[in-house]
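[1] Structural data only, the sequence is not supplied:
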């Protein structure tokens with residue numbers, strides 16, 4: 001049976017507060033990064049995700065597994081929670097997924113800008129051709 005899990009980490013990433021939302025689904029990890037600006041309150045974060053969840057752009061899925069843990073002693077659980085609160089950050093797999101998303105966005109922007117340059121070049125060429133034709137009309 002596959003275990004599904006979601007995790008949200010809010011951290012200060014100079015100069016903004018950033019939320020990193022990780023979701024594990026069917027053995028794959030997808031990550032989304034959200035910039036908040038000023039330090040958000042818990043209620044603001046909750047409201048943001050309620051209103052904008054469908055608009056989030058997640059990274060491409062990366063194979064990852066959720067480590068299943070047996071029942072944990074409450075004291076150990078409390079120690080692990082405090083340890084997680086001290087070390088703020090995101091996991092390596094999440095960083096890889098965000099980097100992959102960034103690279104895909106970069107490639108998409110390159111394709112769009114190249115197409116725009118080609119269109120502009122073609123437009124200027126056609127404009128020069130039109131001017132040449134108009135110069136020769138009077139002959």
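    That came in fine, so what should we check first? No experiment lies behind these values; they were computed from the predicted model shown.

[2] for the record, mean pLDDT for stretch 30-38?
    Stretch 30-38 carries an average pLDDT of 84.

[3] who touches it?
    Here stretch 30-38 makes contact (CB atoms under 8 Å, 6 or more residues apart in numbering) with 10, 16-23, 44-45, 48, 56-62, 90, 94, 97-98, 101. C-beta coordinates here come from the backbone N, C-alpha and C atoms, glycine included.

[4] For the worst-scoring helix or strand of the chain on mean pLDDT, which helices and strands make contact with it?
    Every helix and strand in the chain was compared by mean pLDDT, DSSP states H and E; the lowest is strand 62-63, with a mean of 78. Packing partners of strand 62-63 (3 or more CB pairs under 8 Å, 6 or more residues apart in numbering; DSSP states H and E): strand 28-37, helix 92-135.

[5] nearest to residue 81, of these?
    Residue 81 lies closest, by CB to CB, to one member of the helices and strands packed on strand 62-63: helix 92-135, at 19.1 Å.

[6] How far does the closest one sit from its chain's centre?
    Helix 92-135 sits 22 Å away from the centroid of its parent chain (CA atoms, centre = their mean, to the nearest Å).
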